[in-house]
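Visitor: Sharing a model prediction with you, sequence too.
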Amino acid sequence: MNTPNKHSVSILRLTAPDLPEFARNLRESKYELTINRLLYNNWPNASAQLAQCTKAVQGGWNDANTDTWKVVDNESKEIVGHLALTRKAPSNIGKVKGYEEELHPPVPDGMNEGVFRAVIQAVERLETLRDAKHFGDSSPSDHCIYVSETRTKPSKETNRSHP
């Protein structure tokens, strides 16, 4: 006898009305990342984090080379995770207009400049080392299953500044 899975999910394309919830879920999923405690001034700086997550979500949504999917709980119909697949960039990407700005983007409001620049440099190094050939024309660029709402969230007492 087959018992239905209590936690069955569906993977569906992300739609425009999903973007605000997707950005909030993304921000919530990043609260526990240690690097964000260093990256954001006045931790947890929820407004700066939400602004950055919203910008990232909209950027992925508008990127013709990225397909974004949502993981939906079949019972509650809530988004419980996401997956993004990004097609490989052309080999002449260094010649694409605006690429230099991508390598040296302005520091987003609310972020520690030194930590931000270190993260960007690390990503650049990882990009040069990554061999995504085994993914064909696409490679997973982002994935996350959101933590349950019962997890501990930062309290106002954890606010602090990083020089």
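Guide: On my side now, so go ahead.

Visitor: how about low-confidence regions in this protein?
Guide: Scanning the chain for pLDDT under 70 picks out 1-7, 88-103, 126-163.

Visitor: which residue ranges form the helices in the protein?
Guide: Assigned by DSSP state H, the chain shows helices spanning 19-30, 34-39, 46-62, 99-103, 113-129.

Visitor: Out of those, which is closest to Glu78?
Guide: Distance to Glu78, taken as C-beta to C-beta, is lowest for helix 19-30 among the helices of the chain, at 8.4 Å. No exception for glycine: its C-beta is placed from N, CA and C like everyone else's.

Visitor: What residues sit buried inside that closest one?
Guide: 19, 22-23, 25-30 (16 or more other C-beta atoms under 10 Å).

Visitor: Could you check the angle it makes with helix 46-62?
Guide: Taking axes from the mean of the first three to the mean of the last three C-alpha atoms, to 10 degrees, helix 19-30 and helix 46-62 form an angle of 120 degrees between their directions.

Visitor: so what does helix 19-30 touch, helix or strand wise?
Guide: Secondary-structure packing of helix 19-30 (3 or more C-beta pairs under 8 Å, 6 or more residues apart in numbering; DSSP states H and E): helix 46-62, strand 79-87.

Visitor: and if we set it to 10 Å?
Guide: With contacts defined as 3 or more C-beta pairs under 10 Å, 6 or more residues apart in numbering; DSSP states H and E, helix 19-30 has these neighbours: helix 34-39, helix 46-62, strand 66-73, strand 79-87, strand 138-145.

Visitor: For Gln121, find the nearest of the ones you listed.
Guide: Across those, Gln121 has its closest neighbour in helix 34-39 (13.4 Å, C-beta to C-beta).

Visitor: Using CSV, write out every CA atom in the closest one.
Guide: Presented in CSV, the C-alpha positions along helix 34-39 are these (Å, rounded to 0.1, in the frame of the first residue of the first chain):
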residue,chain,number,x,y,z
THR,A,34,27.9,34.1,9.0
ILE,A,35,29.2,36.2,6.1
ASN,A,36,26.1,38.3,6.2
ARG,A,37,26.8,39.3,9.8
LEU,A,38,30.0,40.8,8.5
LEU,A,39,28.7,42.0,5.1
